[in-house]
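*Asks:* Following is a predicted model, sequence given first.
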Amino acid sequence: MTRGAIALDLDRIRELFDTRSHLQISGMYEGDPNPAWNRLRDSGPLREGTPGALIGFEGPEMWFGLPEPDRKHFTAFDFATCDAIVRDSRAFRMSPPEPQSDAGNSMLQLMQMSMLTMDGSRHRRYRELVQPSFNPDRMSWWTENWAQPTIDALIDSFEANGRADLNIEFCAAIPLLTICGSFGVSTEDALDIRAAVKGGGQIALLQRLPEILRPIVEARRAEPRDDLISVLVQAELTDEHGDRHVLSDLDILSFSWLLLSAGSGTTWKQMGITLVAMLEQPEWIEAVRADRVALDAIVEESARWMPTDPVFSRFAHDDVDLNGIVIPKGAVVHQCYGAANRDPARWDRPDEFDPSRELHTHLGFGRGAHVCLGKNLARTEIITAIATLVDRLPNLRLDPDAERPEIIGLYERAPTSVPVIWG
């Protein structure tokens, strides 16, 4: 993406970003699973079964750690148990205990090279390469170079209309174009990446992404710039023997795949959830108009109240006694962050969206060694986007003539729409 010169094809953006088709990948679920998850948590912190099956969901369950039909599955619902699991990186890990053959499976090979499935010292070494680019002191770099120009261009495209569906016309494109911009990928190619995901999922992304990134990687090896690919091509990794070497093209591809897969969709959906919550309680729109600092608490409360990814999973590497239940080695243990973040043992009135509440650590961005790498960027994008909306669109409010937005999905949660008017 060329900084300061963003050309947007809004018709294509509307075509490529549709909540229902996006959520179909992980198992479509109309409605709110939280009341059922709450009941399960209140009757016992740990159950055998998957988060979906335990509430009667009969559709396909496709997510990290799912479907894995040959393994036992357990789900933790309270904060204390979920927190203990994610912080015990010895007993509960991101990869299965038995070796997996990736022969002839390029998707599995890429996942095994990704930080998402790494554990222990290997995970730490790889994470340390990119963590500095996502620390708080680098957020202005992201905002000034990529996020703010994208946000401004999107608002420019619909400001005169007086109404918009912010879910599609605004939230969806911001994280994708921000991440792709940091790779040096053009807006057109970024939308091609999205089209590949929509048309064929991660397999199609795996085919299209190398075509787009290889020329950029080659160019940055020859002449680095001030972008994320340049950070990666110049990084040196210390292996388990103490030897240092630069990242291979496949290493860089795995980093890029992870950032695109994990970052672009989650921030889009969490931004939409945050806007819906604010628009349904307009006093929070006015609070932001009066003082931008209010957005910090609003974003944290949104990630607690309705995390876009309400479930994550680990594999047991030993037989573990957890709350009196023996988890056998090789089983998948799902942490239901959605229920844990509404644990009444930790929060008063936990089902209410209330940014004025006392802050406590939540699991909306995960915790432990695999806490979300891009959590600071996600917060920054959402805060910057909503602050700019409030600045530029006076009297921003829900469109009374549009269908009321609903937050739907099981393993991914997102609003059906965010219809607004202003002026």
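*Replies:* Right, received. Where do you want to start?

*Asks:* can we go C-alpha only for contacts and neighbour counts from here?
*Replies:* Noted.

*Asks:* and the gap between Asp171 and Pro328?
*Replies:* For residue 171 the amino acid is Cys, not Asp. 42 Å (Cα to Cα, to the nearest Å).

*Asks:* Neighbour count for those two, which is higher?
*Replies:* For Cys171 versus Pro328, neighbours defined as other Cα atoms under 10 Å are more numerous around Cys171 (28 against 17).

*Asks:* what about the closest residue to that one other than its chain neighbours, how many neighbours?
*Replies:* In this structure, Cys171 finds its nearest non-sequential neighbour in Trp268, 5.1 Å apart by Cα to Cα, 6 or more residues apart in numbering. The local packing of Trp268 (other Cα under 10 Å) involves 25 other residues.

*Asks:* Can you tell me how far Trp268 is from Arg127?
*Replies:* From Trp268 to Arg127 the distance is 23 Å (Cα to Cα).

*Asks:* same question, Ala290
*Replies:* Distance from Ala290 to Arg127, by Cα to Cα: 38 Å.

*Asks:* So between those two, which is more surrounded?
*Replies:* Counted by other Cα under 10 Å, Ala290 and Arg127 do not tie: Arg127 has more neighbours, with 18 against 10.

*Asks:* how far is stretch 320-331 from where the chain is centred?
*Replies:* 28 Å (Cα atoms, centre = their mean, to the nearest Å).

*Asks:* swap in stretch 239-258?
*Replies:* 23 Å.

*Asks:* Might one say that the residue nearest to Cys171 is in contact with Ala173?
*Replies:* Yes: counting by Cα atoms under 8 Å, Trp268 touches Ala173, with 7.4 Å between them.

*Asks:* Name the helix or strand for the spatially most central residue of the chain, please.
*Replies:* When the chain is reduced to its mean C-alpha position, the closest residue under Cα atoms, centre = their mean turns out to be Thr266, at 2.7 Å. Using DSSP states H and E, Thr266 maps to helix 265-280.

*Asks:* Name the next helix or strand following that helix along the chain.
*Replies:* helix 283-290.

*Asks:* and that next one, what's its mean pLDDT?
*Replies:* When pLDDT is averaged along helix 283-290, the result is 96.

*Asks:* and if you look at stretch 151-167?
*Replies:* Per-residue scores along stretch 151-167 average to 94.

*Asks:* buried residues in that stretch?
*Replies:* Ile151, Asp152, Ala153, Leu154, Ile155, Phe158, Glu159, Arg163, Ala164, Asp165, Leu166, Asn167 (16 or more other Cα atoms under 10 Å).

*Asks:* closest to Pro394 among the residues you listed?
*Replies:* Using Cα to Cα, Glu159 is the member of the buried residues of stretch 151-167 that sits closest to Pro394, with 10.5 Å.

*Asks:* Report the contact partners of that closest one.
*Replies:* Contact analysis of Glu159 by Cα atoms under 8 Å, 6 or more residues apart in numbering lists Leu393.

*Asks:* Would you agree it falls within a strand?
*Replies:* No: according to DSSP: H, G, I helix; E, B strand; the rest coil, the state of Glu159 is helix, so it is not within a strand.

*Asks:* what about it, distance to Glu286?
*Replies:* Taken as Cα to Cα, the span from Glu159 to Glu286 is 20 Å.

*Asks:* and what of Leu260?
*Replies:* 33 Å.

*Asks:* Same drill for those two, tell me which one is more crowded.
*Replies:* Just comparing Leu260 and Glu286: by other Cα under 10 Å the higher neighbour count belongs to Leu260, 21 against 16.

*Asks:* ok but that one is inside a strand, no?
*Replies:* No: Leu260 sits outside any strand when classified using three-state DSSP, being helix.

*Asks:* Which parts of the stretch 251-400 of the chain are strands?
*Replies:* Listed in chain order, the strands of the stretch 251-400 of the chain (DSSP state E, counting those that start in this stretch) span 311-316, 320-322, 325-327, 332-336, 397-398.
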